[in-house]
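**Student:** below: sequence and its predicted model.
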Amino acid sequence: MGRIRGKWVKNIAKKLIEKYPDKFNNNFDDDKKFIESLKIIEDKPIRNKIAGYIVSEVDKRKIE
């Protein structure tokens, strides 16, 4: 069983995907570096949670 992500993580990730749809893929490290380059999230664990959720969302959208 996995951990449940907070609603705020999901909201931020979805907004970033809408704003930069072509910048994200299913590679965690690339997504993490891009989020870091935006300079909007300074906290490393939060940045990693958002990048992880973005990876799972991109995978879901590719399947559909």
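**Tutor:** Good, I have the coordinates.
**Student:** N25 is in what secondary structure piece?
**Tutor:** Using DSSP states H and E, no element contains N25; it sits outside every helix and strand.
**Student:** give me the nearest residue to it, chain neighbours excluded.
**Tutor:** The spatial neighbour of N25 that comes closest, neighbours along the chain excluded (C-beta to C-beta, 6 or more residues apart in numbering), is V58 at 6.1 Å. To be clear about C-beta, it is placed using only N, CA and C from the backbone, and glycine gets the same treatment.
**Student:** can you pull out the strands in this structure?
**Tutor:** In the chain, no strands are found when defined by DSSP state E.
**Student:** burial count for the residue nearest to N25?
**Tutor:** Close neighbours of V58, defined as other C-beta atoms under 10 Å, add up to 18.
**Student:** next one: it from E36, what distance?
**Tutor:** 18 Å (C-beta to C-beta, to the nearest Å).
**Student:** quick one: low-confidence parts of this structure?
**Tutor:** 1, 64 (pLDDT under 70).
**Student:** all helices for it, in order.
**Tutor:** With DSSP state H applied, the chain shows helices at 7-19, 28-38, 44-63, listed in chain order.
**Student:** what's in contact with the last one?
**Tutor:** Contacts with helix 44-63, where a contact means C-beta atoms under 8 Å, 6 or more residues apart in numbering, come from 5, 9-10, 12-14, 16-17, 24-28, 31-32, 35-36, 41.
**Student:** now do the buried residues in it.
**Tutor:** R47, K49, I50, A51, G52, Y53, I54, V55, E57, V58 (16 or more other C-beta atoms under 10 Å).
**Student:** pull out the buried members of the contacts of helix 44-63.
**Tutor:** Judged by neighbour count, with buriedness set by 16+ other C-beta under 10 Å, the buried members of the contacts of helix 44-63 are V9, I12, A13, L16, I17, F24, D31, K32, I35, I41.
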